[in-house]
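Please find the sequence and the predicted model below.
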Amino acid sequence: MKTSKLTIDPIETEAALVDRMTEPVPEVRDAVSGIDGEVMILGIAGKMGLTLGELLVRSGAGVIGVSRFSSPGDREYLEARGVRTVRCDLIDDDSLRALPEAGHIILLAGHKFGSTGNEPLTWAMNALLPGKVMQRFPDSRIVYVSSGNVYRFVAPDSGGSVESSPLGPVGEYAQSRLGGERLAAFYSERNGTPLAIVRLFYATELRYGVFLDIAERVWTGQPIDLSMGYVNQIWQGDANAYLARCFPLCESPARVLNMTGSEQLEIRDVALKLGVLMGRTPVFDGEESHTALLGNASALFGLLGLPRVSSAEMMEWVAAWVMNDGPTLGKPTKYESRNGQF
């Protein structure tokens with residue numbers, strides 16, 4: 001289904017969506033050509049790992065994908081696309097020790113959804129595990145994907161938190177993420193392990209993301225909570241491309257980089273624009289607070305350039321996806337949470 005309000009062609013199938021997110025740009029191919037040996041992705045079966053693994057393979061990398069693979073279909077999917085998979089409970093010392101050596105590692109494993117009510121697992125995955133990985137692979141270059149939730153809320157006119165801004169994690173998910181960063185940084189400095197800590201703010205695609213959350217509410221007439229009135233987000237294809245290019249940025253002591261889009265988005269404005277695209281009038285609940293969780297990724301852009309996909313493009317794709325009843329991952333971002341409960 002198309003609508004006259006759309007100005008770009010929609011993405012109509014999951015296959016087309018994945019193809020777009022995993023198509024390597026020249027900068028990614030160049031970066032991958034400089035990698036000696038395989039790339040190991042820890043936590044590859046999460047919402048970002050599947051497409052990141054496929055992007056790296058399509059770019060010419062050998063990829064080892066590590067996960068518990070609680071969904072067997074994920075393992076079959078990756079193997080069919082050239083990823084060598086290893087089943088592993090990363091928290092188990094013997095299993096972690098048995099992993100193959102790899103000179104380049106991306107640590108994606110973490111625990112967010114369901115963290116409230118399961119705090120011990122949250123701390124084990126988000127705080128304990130990064131320290132374990134750093135000890136197990138002291139001679140590797142490691143890109144560790146953390147969260148922008150480690151920052152305190154800031155005023156929208158601040159431009160968002162930069163890497164040197166004060167931290168103030170709200171809730172145990174965010175606190176455990178900061179714990180993981182501290183342990184990873186400790187072992188990076190102690191062992192001389194090159195490390196990049198990437199603080200990610202909301203990677204979005206058509207089956208998951210802030211735009212999807214808002215578009216679904218616009219389409220069905222559900223109220224849109226305005227209390228977290230501003231957000232950042234980045235197209236998952238762009239986020240994957242940045243991660244694939246981060247290995248040369250790893251340092252000891254660790255380098256910290258924010259990763260998000262270049263635009264600061266107002267929730268009310270996003271809903272109104274989606275409403276125009278979808279022929280619906282949004283319903284709002286409450287008012288914007290004076291602060292929000294916002295990040296500034298200018299340092300990353302200065303090193304690797306700006307993202308390729310704009311918020312306007314993402315909104316058009318998401319609007320068409322929702323109107324076509326496209327499948328979702330069934331995981332709301334809970335971007336509106338101001339108490340840190342996920």
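On my side now, so go ahead.

For the rest of this, base every contact and every neighbour count on C-alpha atoms.
OK.

ok, now which ones touch the residue most central in space within the chain?
In the chain, the residue lying closest to the centroid (Cα atoms, centre = their mean) is residue 203, at 4.1 Å. Neighbouring residues of residue 203 by Cα atoms under 8 Å, 6 or more residues apart in numbering: 209, 233-236, 239, 260.

again, only this time at 6 Å
If you count contacts by Cα atoms under 6 Å, 6 or more residues apart in numbering, residue 203 has them with 233-236.

Out of the residues you listed, name the ones that lie in helices.
Residues of the contacts of residue 203 located in helices (DSSP state H): residue 236.

Looking at neighbours, which among the contacts of residue 203 is most surrounded?
residue 234 (27 neighbours; other Cα atoms under 10 Å).

so it touches residue 261, yeah?
Yes: with contact defined as Cα atoms under 6 Å, residue 234 reaches residue 261; the gap is 4.4 Å.

before we move on, the earlier item: what separation do you get for the residue nearest to the centre of the chain and residue 51?
12 Å (Cα to Cα, to the nearest Å).

repeat for residue 25
14 Å.

likewise residue 208?
Using Cα to Cα, one gets 13 Å for the distance from residue 208 to residue 51.

Excluding sequence neighbours, find me the nearest residue to residue 97.
residue 136 (6.8 Å; Cα to Cα, 6 or more residues apart in numbering).

give me the number of residues near the one you found?
16.

what does residue 163 give?
The tally of other residues near residue 163 (other Cα under 10 Å) stands at 20.

ok, which stretches of the stretch 201-342 of the chain are helices?
Using DSSP state H, counting those that start in this stretch, the helices of the stretch 201-342 of the chain run over 210-220, 236-244, 267-278, 298-304, 311-323.

what bridges to the nearest residue to residue 299 once chain neighbours are set aside?
Closest residue to residue 299 in three dimensions, ignoring its sequence neighbours and counting by Cα to Cα, 6+ apart: residue 257, at 6.9 Å. Counting by DSSP bridges, residue 257 is bridged to residue 198.

Residue 257 contacts residue 196, correct?
No: in this structure residue 257 lies outside contact range of residue 196 using Cα under 6 Å: 7.3 Å.

Who has more neighbours out of these two?
For residue 257 versus residue 196, the count of surrounding residues by other Cα under 10 Å is larger for residue 196: 29 against 25.

Just give me the longest helix of the chain.
Taking DSSP H as the criterion, the chain has its longest helix at helix 171-191.

just checking, what packs against that helix?
Counting contacts by 3 or more Cα pairs under 6 Å, 6 or more residues apart in numbering; DSSP states H and E, helix 171-191 is packed against helix 129-136.

at 10 Å what do you get?
helix 119-123, helix 129-136, strand 141-147, strand 195-200, strand 255-259 (3 or more Cα pairs under 10 Å, 6 or more residues apart in numbering; DSSP states H and E).

For that helix, list the C-alpha coordinates in CSV.
Taking C-alpha atoms only, helix 171-191 is exported to CSV below (Å, rounded to 0.1, in the frame of the first residue of the first chain):
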residue,chain,number,x,y,z
GLY,A,171,17.4,2.9,37.6
GLU,A,172,19.2,-0.4,37.8
TYR,A,173,19.5,-1.0,34.1
ALA,A,174,21.4,2.2,33.6
GLN,A,175,23.4,1.8,36.8
SER,A,176,24.5,-1.7,35.7
ARG,A,177,25.5,-0.4,32.3
LEU,A,178,27.8,2.2,34.0
GLY,A,179,29.2,-0.6,36.2
GLY,A,180,30.1,-2.6,33.1
GLU,A,181,31.8,0.4,31.5
ARG,A,182,33.9,0.9,34.7
LEU,A,183,35.0,-2.7,34.8
ALA,A,184,35.8,-2.8,31.1
ALA,A,185,37.8,0.4,31.4
PHE,A,186,39.7,-0.9,34.4
TYR,A,187,40.9,-4.0,32.5
SER,A,188,41.6,-2.1,29.4
GLU,A,189,44.1,0.1,31.3
ARG,A,190,45.5,-2.8,33.4
ASN,A,191,46.1,-5.1,30.5
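
No further questions, thank you.
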